[in-house]
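S.K.: turn this into a model:
(one chain, ligands or ions: 2)
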Amino acid sequence: MYNSARREYAVYGVDTEAAIAKLKDISVSIHCWQGDDVVGFDGGGAASGGIQTTGNYAGRARNFEELKADINKAFSLMGGKKRLNLHASYAAGADVDRDKYEPKHFAEWVKFAKAIGLQGIDFNPTMFSHKNVKDGLTLSSPDENIRKFWISHCIACLRIAEYFANEFNNPCTFNIWIPDGFKDLPADRLTPRLRLKDSLDKILACGYDRRKVIVAVESKVFGIGVESYTVGSNEFYQNYAAKNNICCLLDNGHYHPLEYVSDKIPALLAFYDTLALHVTRGVRWDSDHVVLLEDELKEIAKEIVRNNATDKVKIALDYFDASINRLSAWVTGQRAMQKALLYALLINHSELKELQDKADFTALMVKQEEYKTLPFGAVWKEYLKRESLTEEYLTEIREYENKILKERV
Ligand code: RNT
Ligand code: ZN
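M.R.: Residues are numbered from 1 along each chain as shown. Ligands and ions are numbered 1, 2, ... in the order given. Below you'll find the predicted structure:
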């Protein structure tokens, strides 16, 4: 089947071998927080701050050992280059508050990530699920002590990010997301943003190594309980990133449903060398469903591939479903991302671009439609085979569920 698919794609000027080789090389950063419903190990409890996990499927990882075991199992069923995306709230055995976290609190994670052959670790300060989120605000709070606490937390996290970069000899993407916003109409939309701007300035002024840590800022349109106003909006962060030479992170659940991240990627690539993504699947709202091989995911992958931006765009996954087997959520989401990338790699983009420039929109439409029924599945199966994997992974997950997850009561 693969050999016949290879010949079929060759007719379109597509080399399936080159596509498979390229796919193996694109790294995807996988979030630790799908394993435990964004709870973490530092006592914050269920996620708060406008984000929500729903469902109560058996087997949530309750501690470091369980999460490591689940990551180990789930990652073993994924192909390609993998990175681990950690939140600060996953510090292992820290007896200090978040503003005092140190690299040593993450040394065990480094050991683990190296042992399972990951390319690197990415990092996120955790500015939710904590007593110092005062009246829903962190870096934009009117209370100076609250702002100071979170600034210190971010600076402490930047040191940890540098440590990760050094340990893996690989840059660490460091993403700042805050829940700050208001449920109802605010009386002042500007001052909170000025305070956020000032807090970010203070964080960036700590003197971190820009070659090692890629600082990104993640905007959002609204969250549950913060429907009317978000301090860290798209325009705010895009301008902040541009003026301060840092990076934008686009989460495709964070825009109006008729706005597409696939269209934002090339808009930003015109101005930025680096761009970060949180790939998720919003159903009617920022619901963070498991990523599936849907049209917008394919469009996102196409924009990355056809603009030669596989090194520029840092792909990370961000979703959390507690209503199904959590390992399966991880694997299916990561595989969907890889499928979308492979789909995009199996397109003769220069031919299509040429048709567009020649204004032959008829041929462009017809060709694009033809690609949809080419034997993509055969190439995907071949890729999995070469990664010592098969399409069918559920049996293995079920065994793990019966043996390990169901015991967690
Ligand atoms: C929330 C943001 C943010 C979080 C993670 C846990 O809306 O998407 O990225 O999901 O940091
Ligand atoms: Zn996100």
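S.K.: so what's the residue nearest the centre of the chain bridging to?
M.R.: Closest to where the C-alpha atoms of the chain average out (C-alpha atoms, centre = their mean) is Ala316, at 2.6 Å. Residues in a beta bridge with Ala316, per DSSP bridges, are Ser29, His278.
S.K.: that one against Ser27, yeah?
M.R.: No: the criterion here is C-beta atoms under 8 Å, and Ala316 misses it with Ser27 at 9.7 Å. For the C-beta atoms, the positions are set from N, CA and C on the backbone; glycine is no exception.
S.K.: list residues touching both of those two?
M.R.: Arg83 (C-beta atoms under 8 Å, 6 or more residues apart in numbering).
S.K.: look at Asn363 and say how many residues are nearby.
M.R.: No Asn there; residue 363 is Ala. Using other C-beta atoms under 10 Å, Ala363 has 14 neighbouring residues.
S.K.: what pLDDT is listed against the residue nearest to the centre of the chain?
M.R.: Predicted confidence (pLDDT) for Ala316: 99.
S.K.: distance of it from Leu118?
M.R.: Ala316 is 13 Å from Leu118, where distance means C-beta to C-beta, to the nearest Å.
S.K.: helices of the stretch 151-300 of the chain, start to end?
M.R.: Along the stretch 151-300 of the chain, the stretches classed as helices by DSSP state H, counting those that start in this stretch are 190-204, 234-244, 261-269, 295-306.
S.K.: most neighbours per residue, which of the ones you listed?
M.R.: Of all these, helix 295-306 has the most neighbours on average by mean count of other C-beta atoms under 10 Å, namely a mean of 21.
S.K.: and Met337, how close does it get to Val331?
M.R.: 11 Å.
S.K.: identify the contacts common to Ala316 and Leu118.
M.R.: With C-beta under 8 Å, 6+ apart, Ala316 and Leu118 have common neighbours Arg83.
S.K.: could you dump the helices of the stretch 151-300 of the chain into CSV and include mean pLDDT and distance to ligand 2?
M.R.: Formatted as CSV, these follow (pLDDT from 0 to 100; distance: least, C-beta to the ion, whole Å):
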stretch, mean pLDDT, distance to ligand 2
helix 190-204, 99, 17
helix 234-244, 98, 12
helix 261-269, 98, 11
helix 295-306, 98, 14
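S.K.: quick one: closest of those helices to Asn348.
M.R.: With respect to Asn348, and counting by C-beta to C-beta, the nearest of these is helix 295-306 at 10.0 Å.
S.K.: OK, contacts around Pro375?
M.R.: Per C-beta under 8 Å, 6+ apart, neighbours of Pro375: 1, 4-5, 8-9.
S.K.: please redo it, this time with the cut-off set to 7 Å
M.R.: 5, 8 (C-beta atoms under 7 Å, 6 or more residues apart in numbering).
S.K.: what is in contact with Met337 and Val331 at once?
M.R.: By C-beta under 7 Å, 6+ apart, no residue touches both Met337 and Val331.
S.K.: who in the stretch 101-250 of the chain is up against ligand 1?
M.R.: 124, 177, 218, 220 (C-beta under 6 Å from any ligand atom).
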